[in-house]
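J.: for reference, the sequence and a predicted model appear below.
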Amino acid sequence: MEATTIEITDEALRKGAEEGMDGFLQVFIDKYLEVTGGVINADTMSLLNGNQHTLLGYHFFREEINEGGFVQLIQNGYGPYIFDNPFAKAMRVYGVKDFSKLLYAAKEIYDANRKDLEKDCDDDEFMAMYEQYEAFDDLEEEFMEQEEYITAKIAEYVDEHLDLFAQIV
């Protein structure tokens, strides 16, 4: 099944860009969330192309890491979406090599502990994971320090390759 043609109006894009890089990227993300119903699963994967998934993946990654770190990202089911797809490789292509390296480092921890990190758990067990997986702490800190730069580089890449992310009408 072929990816859905994602159409974004020039006006919406212009309005988003006026709000800065976050607003610019949010125009695309909002459209992807609308098309997928905000759910990424076997039924919705084919609705977006690889670049669209990469941008949506960054949205989920950023949201989850800023709110609760890698443990929350994985517990909320985004581990496979981020680590089992070529997300880190795409980040290198987008020009954020250090972020790509950070993702590969996180993937090593994820792969080595996947079963435990993805298990269903209660609130106490969930909170205990933060102590158990302190190896993620430095990576989370590094991301937060670089987040603005990473987001700017991704926005720049999207802006220079609009046709890969949507049809502008």
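T.: Happy to help now that I have it. Numbers count the residues shown, from 1 in each chain.

J.: what's the spacing between the closest residue in space to Y133 that isn't next to it in sequence and M45?
T.: Of all residues beyond its chain neighbours, the one nearest Y133 is V71 (5.8 Å), with distances taken as CB to CB, 6 or more residues apart in numbering. C-betas here are computed from N, CA, C, even on glycine. Distance from V71 to M45, counting by CB to CB, to the nearest Å: 24 Å.

J.: what ranges does the protein have for its helices?
T.: Residue ranges of the helices in the chain, as given by DSSP state H, are 10-18, 21-36, 50-75, 79-83, 87-93, 97-118, 123-132, 137-160, 162-165.

J.: quick check: which ranges of the protein have low pLDDT?
T.: Per-residue confidence for the chain (pLDDT under 70) gives these ranges: 1-2.

J.: re the thing from before, of V71 and M45, who's got more company?
T.: V71 (20 against 14; other CB atoms under 10 Å).

J.: wait, isn't the more buried one in contact with A128?
T.: No: with contact defined as CB atoms under 8 Å, V71 and A128 do not form a contacting pair (9.7 Å).
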